[in-house]
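J.: Need the 3D shape of this:
(one chain, ligands or ions: 1)
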Amino acid sequence: MGIGRLADGLAATPPLGWNSWNAFGRKIDERTVLEAADALVATGMRDAGYRYLVIDDGWEAPERSAEGDLVADPATFPRGIRALADDVHARGLAFGIYTDAGTRTCQGLPASLGYEFRDARRFAEWGVDYVKVDWCHTDGLGPRALYAKWALAVHAAGRPMVLSICEWGRHRPWEWAPVLGHLWRTCWDIQASWESVMTIVARQSPLWPYAGPGHWNDPDMLEVGNGMSAEEDRTHVTLWAILAAPLMAGNDVRSMSASTRELLVAPEMLAIDQDPLGEQGRPLRDGVWARSLADGSRAVALVNAADAAAETGFTMDELGARRATVRDAWAREDVASRVTSYSTTLAPHASALLRVRAA
Ligand code: GLA
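T.: Numbering: from 1, shown residues only. From the prediction side, this is the model:
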């Protein structure tokens, strides 16, 4: 603790929610967003903790208003953002929005350079609870200074808002972002492919010292339910949970399968991701990750990155214990009792997420 932004308690555990980008891109409108909000409630995702509904790029009208304000595209968000945020709040959710620190958003829409205080104030007036600030069209600008301006602007706006820094890990944000925002992207945009997930994960291993309550590394939003195999989807979530990553679902929650939903709301997975100690997992060795949990147990993730089944495991000695009980967080059952080591066979691209309690 200590280095987190303002220690304002807004992101004591990694933010959980849903973001429009991975499923819809810029094709978003008020009806789709409200249907997503209803689905977050109906599927139990809200009650499992997925609080933030975030609209990403694409909500903005092509130009600012005559007064200089960002405005919602009147064709797709005819009632404006304030009314939408009210409706989202009425469903027991928090509301998030997107802008960009540069001259234009990544989709070429109006962005916030020079308007930081004005935009943050408007967002606060609209009832925004979470602001994602992207990094397109920022030639010659320094991210440290510009995101510091954003942190001041959010503070000055006087409404508690999570600040999500989206600088893609280009300027080592883990070194400066923890005192400015609540989470910062560490990588380029994720895609719904095994290669993308594994490339991102490889970048996370040295970053564990920088995360903790109030300030999180963000390996990008989830691609669960967007086309990977069931095993790959599960491994994606296993890894995000061991990394104490923010979990922003990125699928069309209105039409997800029962198995996708079960992955997202799995209670013992979420308990690991959201563990109050806030320690980010680190690799013990290739394909074996571990993190300490608040109750003194350890979480362990085993991942088979190979294209053939493989046996994998660990010894309690590696975790600094002698004997331990091993519980499968996905199956929600104990799989070994008072053992000195644990091993299992994993299908290609499969994983295990375990909670290990010293006996
Ligand atoms: C960038 C971000 C993405 C998304 C798009 C929107 O690529 O990294 O997460 O916000 O912009 O245009």
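J.: Only C-alpha atoms from now on, for both contacts and neighbour counts.
T.: Fine.
J.: For the closest residue to the ligand within the stretch 1-150 of the chain, which non-adjacent residue is closest in space?
T.: Closest contact between the stretch 1-150 of the chain and the ligand, by C-alpha to the nearest ligand atom, is at residue 106 (4.2 Å). Spatial nearest neighbour of residue 106, excluding adjacent residues (C-alpha to C-alpha, 6 or more residues apart in numbering): residue 136 at 5.2 Å.
J.: Correct me if wrong, but that neighbour is in a strand.
T.: No. Going by DSSP: H, G, I helix; E, B strand; the rest coil, the assignment for residue 136 is coil, not a strand.
J.: Next up, the contacts around it.
T.: Contact analysis of residue 136 by C-alpha atoms under 8 Å, 6 or more residues apart in numbering lists 100-106.
J.: Show me what from the stretch 51-200 of the chain comes close to the ligand.
T.: 56-57, 106-107, 189 (C-alpha under 6 Å from any ligand atom).
J.: change it to 8 Å
T.: 56-58, 98, 105-107, 132, 134-136, 166-168, 188-189 (C-alpha under 8 Å from any ligand atom).
J.: In helices, which of those residues fall?
T.: Using DSSP state H, no member of these falls in helices.
J.: Looking at the residues you listed, state which has the most neighbours.
T.: Top of these by neighbour number is residue 166, holding 27 neighbours under the definition other C-alpha atoms under 10 Å.
J.: Verify the stated contact: residue 350 with residue 231.
T.: Yes. The criterion here is C-alpha atoms under 8 Å, and residue 350 meets it with residue 231 at 5.0 Å.
J.: who has more neighbours, those two?
T.: Shown here are residue 350 and residue 231; by other C-alpha under 10 Å, residue 350 has more neighbours (24 against 14).
J.: Quick check: that one vs the ligand, distance?
T.: 26 Å (C-alpha to the nearest ligand atom, to the nearest Å).
J.: ok, now which ones touch that residue?
T.: Counting by C-alpha under 8 Å, 6+ apart, residue 350 has contacts 231-232, 234-235, 303-305.
J.: what do you get for residue 88?
T.: Residues in contact with residue 88 (C-alpha under 8 Å, 6+ apart) are 34, 37, 53, 94-95.
J.: now do residue 82
T.: Contacts of residue 82 (C-alpha under 8 Å, 6+ apart): 125-127.
J.: before we move on, what about residue 147?
T.: If a contact means C-alpha under 8 Å, 6+ apart, then residue 147 has 101, 165, 177, 180 as its contacts.
J.: Quick one: distance of whichever helix or strand it is part of to the chain centre.
T.: Residue 147 belongs to helix 143-157 when assigned by DSSP states H and E. In terms of C-alpha atoms, centre = their mean, to the nearest Å, the gap separating the centre of helix 143-157 from the centre of its chain is 21 Å.
J.: ok so, going back, would you convert the contacts of residue 82 into a markdown table that also reports pLDDT and neighbour count?
T.: Converted to a markdown table, these look like this (pLDDT from 0 to 100; neighbours: other C-alpha atoms under 10 Å):
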| residue | pLDDT | neighbour count |
| --- | --- | --- |
| 125 | 98 | 14 |
| 126 | 98 | 17 |
| 127 | 98 | 22 |
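J.: and of those residues, the nearest to residue 266?
T.: Comparing the contacts of residue 82 against residue 266 with C-alpha to C-alpha places residue 127 closest, at 30.0 Å.
J.: Excluding covalently adjacent residues, which one is nearest to the closest one?
T.: Nearest residue to residue 127, sequence neighbours excluded (C-alpha to C-alpha, 6+ apart): residue 85, at 6.1 Å.
J.: Check the secondary structure at the one you found for me.
T.: helix.
J.: Return the residues in contact with it.
T.: With C-alpha under 8 Å, 6+ apart, residue 85 has these contacts: 95, 126-128.
J.: now, the most widely separated pair of these?
T.: The widest separation within those (C-alpha to C-alpha) is 9.6 Å, between 95 and 126.
J.: thought residue 353 was touching residue 236?
T.: No. When contacts are counted by C-alpha under 8 Å, residue 353 is not listed as touching residue 236 (11.1 Å).
J.: Mind listing the shared neighbours of these two?
T.: Taking C-alpha under 8 Å, 6+ apart as the contact criterion, residue 353 and residue 236 have no common neighbours.
J.: re earlier: from the contacts of residue 88, which is closest to residue 287?
T.: Residue 287 lies nearest to residue 53 out of these, by C-alpha to C-alpha, at 32.4 Å.
J.: could you pull out the strands for the stretch 151-300 of the chain?
T.: Taking DSSP state E, counting those that start in this stretch as the criterion, the stretch 151-300 of the chain contains strands spanning 162-166, 183-185, 216-218, 247-249, 282-285, 288-292, 298-303.
J.: so how far is residue 59 from residue 96?
T.: To residue 59, residue 96 is 12 Å away according to C-alpha to C-alpha, to the nearest Å.
J.: What is the burial count for residue 129?
T.: By other C-alpha under 10 Å, the burial measure for residue 129, its neighbour count, is 23.
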